[in-house]
Each structure stands twice: as structure tokens, then as C-alpha cells.
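>>> show me the folded form of this:
(4 chains)
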2 protein chains.
Amino acid sequence: MQKKRTTLKDIARATGVHVSTVSRALDPTERKSITPEVVAKIQAAAERLDYRPNRIAFGLRTNRTMTVGVVIPDITNPIFPPILRGIESVLEPLGYASIIVNTDSEREREIRLLEVLRDRGVDGVIHAAVLRSDPSIAKAAQDGLSVVTLNRRVENSNIPYVINDEDMGICEMLRHLTKLGHRRIAHLAGPQDLSTGQLRLAAFRNAAERMSIEIDPQLIVTAIRFDEDEGARCTRDLLTSGHDFTAVLCANDRLALGCIDVLRENGLDCPSDISVSGFNDMPFLQLARPRLTTVRIQQYDAGITAASILLRLMNAGADDDIPLETVLPVELLERESTGPVAAQRR
Amino acid sequence: MQKKRTTLKDIARATGVHVSTVSRALDPTERKSITPEVVAKIQAAAERLDYRPNRIAFGLRTNRTMTVGVVIPDITNPIFPPILRGIESVLEPLGYASIIVNTDSEREREIRLLEVLRDRGVDGVIHAAVLRSDPSIAKAAQDGLSVVTLNRRVENSNIPYVINDEDMGICEMLRHLTKLGHRRIAHLAGPQDLSTGQLRLAAFRNAAERMSIEIDPQLIVTAIRFDEDEGARCTRDLLTSGHDFTAVLCANDRLALGCIDVLRENGLDCPSDISVSGFNDMPFLQLARPRLTTVRIQQYDAGITAASILLRLMNAGADDDIPLETVLPVELLERESTGPVAAQRR
DNA sequence: CGCCAATGTGCAATCGTTTGCATATTCAGT
DNA sequence: ACTGAATATGCAAACGATTGCACATTGGCG
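Modelled structure (predicted):
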């Protein structure tokens, strides 16, 4: 590895004081108990010798690694990079580094990777991939690890969580579609073992009930992954089922993209024949045509918020009052994939 | 932090042997010097007490953190997530964790983040964001840090590098365009302070020369960022310059997307009026219409390759022969954005 | 039966910090 | 000037592992 780094001992030798004095002189909170001039001398020496504290030794002694773990399903899902940048933007300036792990939404992987993070002694974890019931993360939190979940809460726990106002998003989208005259509205639901999939389906049902829209159970079809292929498959199922519909509210953008493709294959134009809506407003969505009507969720800000809460959690004593729930607002984006219901369908 | 983890000392106490014996019994390479039955006893105890080695202490003693740094320009650029997954796929099973940092292509940030990584004692670095001249990474390598660069080489150094065969990609693209009858071919070059920007421009010039295609210097216009806005701006410059061209070979996909937009604004259809090509085949590119003719570079595999080389570098003695250069093949993808040159232009 | 080598285990130092406690010095108050 | 704090520094023990070396035990061989 590197040639040889200068240590506290080197500085002690160079200045003729004890290593503990050097340590104190270099620590802003302890510095006050040291004569200013020897502090100056030590700092000068530290500067001259290009001293860099050894974080490993620090970590061993203090049990603080200045490292946090970030657990996500898959970094290649474009909604996560902005979240990570948001997290980084608050943690990195404070000297924290983050270790990012991808669970691929597999329970075993998630458990194992959480172990890995704990073994490495991370000071806290931001978890954006909790499954619906997740004992491992709950146990970790109970053992005293600082944890914040993102996009999802762990039920029956006091783990703080940051979520987007998905209910509101689904609700506004539904209102938008009804305003355009749609009544027979299908829902492409996401995987029900995933946070968002389940939440959005529930939100859809609730909103429909509140708005007194009758939902044909046959018009709700569930994807097993959040991707274009599943959006396509579900849409085919919908079409072959023979049930009539004029709009498809999809649980995320990728499902919507797959949906539109299959509609087109079947000679149905979006939006003039059938309206389709997405969710997330994921990056690069603007490449698609027609431009997708969707719900924008805050990605960067969600990262910032989660990281800020984690910080408070890690530093604060139990006295501090950390908000258990943070709900970030969403925004309806009306674009081209939704339009007034066609005069007559079929 | 966690309640209390069991340490070697706990196991020693439980089994009645010395802590050093425990250490050896648990280390596969040292195990042979211990009686099999005491090994068994110790392993049983370790199992029972749920022993997990403390990586921090290990790191302090051995100066190996089992951590690597990955330096990229920006994780929100979709070509990087697959690279990261590739890296992870080889490093994670071996017990390595990676710390990912984003430089935003800013020299100061890069230098600072490299410091951060060195401070944390990473065992090695995969650097996918080196600038054209980069003393900091060269110095780090000289100090004994294991370094592999990705997508770019540090000149005059023996730092191993993994690159895509960009020359070949540009060359094949040019050949493709000429085969379609294009002669007046413009180039939207990338930022010249960035690896890829400069390389691809050079490749373009070389290929043109080799194929005896005369390139009008006025038809080469340089972007200052690799994004759609710059692609748009450059295309406007090209159009207002009044120089004639029938195809635009862009240094990356995003420039090409911006280019096509501006052509469309000006009533020019791609590809029937003007052909446009990209580079990278970035994720989600398939959303765009017309589907872009581009050059696919290997992303996941590049990550795998770089990580494998880094591994050899970290573990091997100087005796090992590590390949200095690895060039990954690229692939021309003919899609819809390029076509035969129009009968007459303007 | 004795000696030496081989083998298995223990001892203790070490990695670079932090930090409670002891000690040495200074200084003010009376 | 003497006492008593207050203040500044040093000492040494941690943190949890690895590892060179010393030592003890065993067994083989002459």
C-alpha cells in the first residue's frame, strides 16, 4: 500500500510532546484544554508532515466508521441515481462515505448484504429496498443501528421513513382521467411483494371508492416486475380478456411504456383511442413518444431528506425527537399520453 | 451501535484456549498448524456465539480494508450503473465493498475524493473519470495504490487500463455512412477535456483520412458537455453556418438526440433528409424515435474486466504480469436514424 | 533411555487512535 | 508564603484482530 503515512506518533516525535497531546490538539472539541501555542506548534507540524488521520484506527477506537450503507434494489433503475446523489450531497461534506448495495429485490441477498454492512460497522443505513415484511432490518434497528427507510415503511416499528405522497399522486391521476371523461379505467398494478406496487394498488382502490368510480376487478392486472415486458404482457391479458376500458393507469412509467407498445401493436392509438398514465417521471422518460402523462416524485430531495434524518438519528441522543414519518409532495404532469375519452369505443 | 459483538476473546474464553489460537483456527491458511479437534471446538464455539470478524480491527492490523474505491463522473449518467453492477459482480462475492464517488468531471472534486478514498485506506481504485492529464491518480499509483482506469488511459504511466475500441466504433460508423452514400459528414465532438470526447474526435479524423474522405473543418463542432442541450446548440451552429452536410456523426447518444430535435425543428427529417448517429447505446435509448443508429459499448463487461484486473493487481506480487491494455470490442447497431443519402439536398 | 526435531499452543507486540486518570505545573487567594 | 484549586500534559489502557517468536509437549529414532 502507500509508502508510509505520518501518524500521531510522528508528530509527537517532531514536536516533543506526547501523542495524546497531539491527539487533543488536533481535535477541535478537546483543543480547549491545551495551551494555544502548543496547539499552534502541533498544527504546524501536522501541516508540514501532511498528517491525515487514520480512519481505521479511529473507527476501531471509537466504533464510528463514518460510513453509511445504502440499500437499493438496483442501481440500473434510473430513479435511484438521483436519490443517491441527494444522499451524497448531505453526507459527503460531513465526511461520511456510503457503501451502496443492490438487492435485486431478493430477500436472501438483502439479508446477506445487510449483514455485510453491519460487519463493516456502518454507522447507519438508508434502506430503499425493504420488502413488505422485513425482520432483518427491524432487528438491526432494534440492535441499535440507525436506520431510515426510503419509499417504504417497516410496519409496527419506530423506524423513521421517508415516502412520497403516492396516495395523492394516484388520486390526482384518477381525477385527471375522470375529468377527461374516462370511467372504465384499468390499473396495471406493480408486484405485490414490493412496497410501491402494493401501496399504489391500495391507493387506486381507495381513490376510486372515494370518487365513487366503480372499478371492475377484471380491469386490475398485476405485473410481477416493474418493467416494459410485464407492462406489455399485462396489457395483452387485458385486451384478450375482452373487457372494455378507455384508460390505463399504470403503477409506474415502465409498465406504461410497455402498455403503449402493445396498444400500438393492436392498432390502438394512445391517447386518441386509449389514455395511458405512468408514475415516477423517471429520467429519460422524455425520450418516449407520446410524452407520458405521469406523476413526478422527488428523487433527489428524497435522498436529501432521508440522509438528514439519518444524521439526526446517528448523532442525537434518545432525547431528540426525530419525525417518524416524512411525506414528500408529488406533482401531476399532464402530457400527451392522456386525452379526452373517444366519442365511441369499439 | 450494536449491543455487543462477540470477539475472538469471547471465543477464547469459551473454549479455554488463547486468543491467538482462535485466530489461527479460524483462518483457513493458518488452520493447518492447529490440532483438528481444537479447530472443531473453536469453530463450533464461533458458530454458537455467532462470531463475526471485526473488519475494522482486521484492517488496522493488516492494512487491508477489503474496500475499493470507484471513481466515476456522475452516477446519473446511465452508462455507469451497468459498469458498477459489473464491478460489484466480481468484487462483492470476494468480500470487497466499494465506495462510489462522483467527480462531476471537476478536477478539484476528483482530487479531493481521491484523497478521501486514500484516507479510508481502500485497497484499490477503479477510476472511470480520469481527466486528460491527471497527476493525482498517477501519484497515487506511484505510492503503491492499486489502480485501474476505465474508458481512458493515463498517459506515460504503467497504470492498467480497460477501454472500448472506440477507434473501431467510429471507423465502422463512418464506413456505414459512406456506404449509404454520405460524403459531407459532420461531427459533433464531445468536450475536449474529457477522455472520450477527445479520443473520438481523433478517431474520426483518422478514420476519415484512412478512408480518404475529405472533412470540412467547419463541419466539426465541439460540445462543452455531453448532453442534449449541447447537441442542440451545436446543430444550430452547424445549420446557421450554411455549410452543407447530409449526415452527422455524434460523439455520443445524447448529443445525437439533441441534434435530431433541432433538425426536426428546422423541418429536416431524420433520416430521410439527414442521417444522425450516436455512440454508447445507452440504456433507455430505445425509447427515442427514430431509433438511433449507434455503437454499442460493453458496459457490464467493462466493469467485470476492470475489477478482475484490479484484483490481480491487489493480490499479485510484482512478478505477476498484468496486461497494461485491455480493449473491449464494440458493435455497430444499424437502426433507423441513418439512411441512404437523399437524392438532392437543398 | 535419551535427545532432537517436529508440532501445537501461548505470549506479547503491534496497527493508530482516543480517553480516563494521574501528575506536574501554574496561579490566585488569603 | 502557603494552600488549594485549576490547568496543562503525560501515562497507559483500551478497541479487536494478526503474527513472529518462545516454549512446551510429543514422538521417533538411535
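
>>> please enumerate the strands of the stretch 51-200 of chain A.
Along the stretch 51-200 of chain A, the segments classed as strands by DSSP state E, counting those that start in this stretch run A:67-72, A:97-102, A:124-127, A:146-150, A:161-164, A:185-189.

>>> how about the residues of the stretch 101-250 of chain A near chain B?
Residues of the stretch 101-250 of chain A lying near chain B by C-beta under 8 Å from any C-beta of the partner chain: A:101-102, A:115-116, A:118-121, A:123, A:143-145. C-betas here are computed from N, CA, C, even on glycine.

>>> where does the spatially closest residue to A:Glu228 that is not a sequence neighbour sit, in terms of helix or strand?
For A:Glu228, ignoring the flanking residues on the chain, the nearest one in space by C-beta to C-beta, 6 or more residues apart in numbering or on different chains is A:Gly258 at 3.7 Å. Secondary structure from DSSP states H and E places A:Gly258 in helix A:253-265.

>>> buried sites along that helix?
Using 16 or more other C-beta atoms under 10 Å in any protein chain shown as the test for burial, helix A:253-265 gives A:253-263.

>>> how much space between A:Ile75 and B:Gly267?
A:Ile75 sits at a distance of 40 Å from B:Gly267 (criterion: C-beta to C-beta, to the nearest Å).

>>> and what of A:Asp269?
Using C-beta to C-beta, we find A:Asp269 at a distance of 24 Å from B:Gly267.

>>> who has more neighbours out of these two?
The neighbour count for A:Asp269 versus B:Gly267, taken as other C-beta atoms under 10 Å in any protein chain shown, is higher for A:Asp269 (13 against 7).

>>> give the contact list for the nearest residue to that one once chain neighbours are set aside.
Nearest residue to A:Asp269, sequence neighbours excluded (C-beta to C-beta, 6+ apart): A:Leu263, at 7.5 Å. Counting by C-beta atoms under 8 Å, 6 or more residues apart in numbering or on different chains, A:Leu263 touches A:235, A:269-270, A:273-274, A:276.

>>> which two of those residues have the greatest separation?
Pairwise distances across those (C-beta to C-beta) peak at 14.0 Å, for the pair A:Thr235 and A:Asp269.

>>> near DNA strand D, which residues of the stretch 1-150 of chain A?
A:16-21, A:24, A:32-35, A:38, A:57, A:60-61 (C-beta under 7 Å from any atom of the strand).

>>> now whatever residue of chain A ends up closest to DNA strand C: which helix or strand?
Per C-beta to the nearest atom of the strand, A:Ser20 is where chain A lies closest to DNA strand C, at 2.8 Å. Using DSSP H and E, A:Ser20 maps to helix A:19-26.

>>> before we move on, back to that, tell me which of the buried residues of helix A:253-265 is nearest to A:Ile224?
The closest of those to A:Ile224 turns out to be A:Leu255 (C-beta to C-beta; 11.1 Å).

>>> can you tell me, leaving aside adjacent residues, what's nearest to the closest one?
Nearest-residue entry for A:Leu255: A:Gly231, 3.6 Å, with adjacent residues in sequence omitted and distances by C-beta to C-beta, 6+ apart.

>>> equivalent analysis for A:Ile100, please.
A:Val70 (4.7 Å).

>>> so the one you found touches A:Ile99, yeah?
Yes: taking contacts as C-beta atoms under 8 Å, A:Val70 lies within contact range of A:Ile99: 7.0 Å.

>>> more neighbours, these two?
Higher neighbour count among A:Val70 and A:Ile99: A:Val70, with 30 against 21, using other C-beta under 10 Å.

>>> what's next to the one helix or strand in chain A whose mean pLDDT sits lowest, contact-wise?
Using mean pLDDT, DSSP states H and E, helix A:135-142 stands out as the lowest-scoring helix or strand of chain A, at a mean of 89. For helix A:135-142, contacts defined as C-beta under 8 Å, 6+ apart pick out A:110-111, A:114, A:118, A:125, A:127, A:130, A:147, A:149, A:154, A:157, A:159.

>>> scan those residues and report the most crowded one.
Top of the contacts of helix A:135-142 by neighbour number is A:His127, holding 28 neighbours under the definition other C-beta under 10 Å.

>>> what sits against that one?
By C-beta under 8 Å, 6+ apart, the contact set of A:His127 is A:71, A:137, A:147-150.

>>> mind redoing it with 6 Å?
By C-beta atoms under 6 Å, 6 or more residues apart in numbering or on different chains, the contact list for A:His127 reads A:71, A:137, A:149.

>>> then A:Val276?
Residues near A:Val276 by C-beta under 6 Å, 6+ apart: A:248, A:256, A:259-260, A:270, A:337.

>>> now the residues you listed in TSV, with distance to A:Asp167 and pLDDT?
What follows is those, written out as TSV (distance: C-beta to C-beta, whole Å; pLDDT from 0 to 100):
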residue	distance to A:Asp167	pLDDT
A:Val248	19	97
A:Ala256	19	97
A:Cys259	22	97
A:Ile260	25	96
A:Cys270	25	95
A:Ser337	22	97
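
>>> out of the residues you listed, the closest to DNA strand D would be?
Among those, A:Ala256 lies closest to DNA strand D (C-beta to the nearest atom of the strand), at 50.0 Å.

>>> the residue of chain A closest to DNA strand C: neighbour count?
Around A:Ser20 there are 11 other residues, counting by other C-beta under 10 Å.

>>> how near is it to B:Ser272?
Between A:Ser20 and B:Ser272 the computed distance is 78 Å (C-beta to C-beta).

>>> and if you look at A:Leu255?
33 Å.

>>> ok, the residue of the stretch 51-200 of chain A found nearest DNA strand D to A:Asn54 distance?
The minimum distance from the stretch 51-200 of chain A to DNA strand D, using C-beta to the nearest atom of the strand, falls at A:Arg61 (3.6 Å). Computed as C-beta to C-beta, the A:Arg61 to A:Asn54 distance reads 10 Å.
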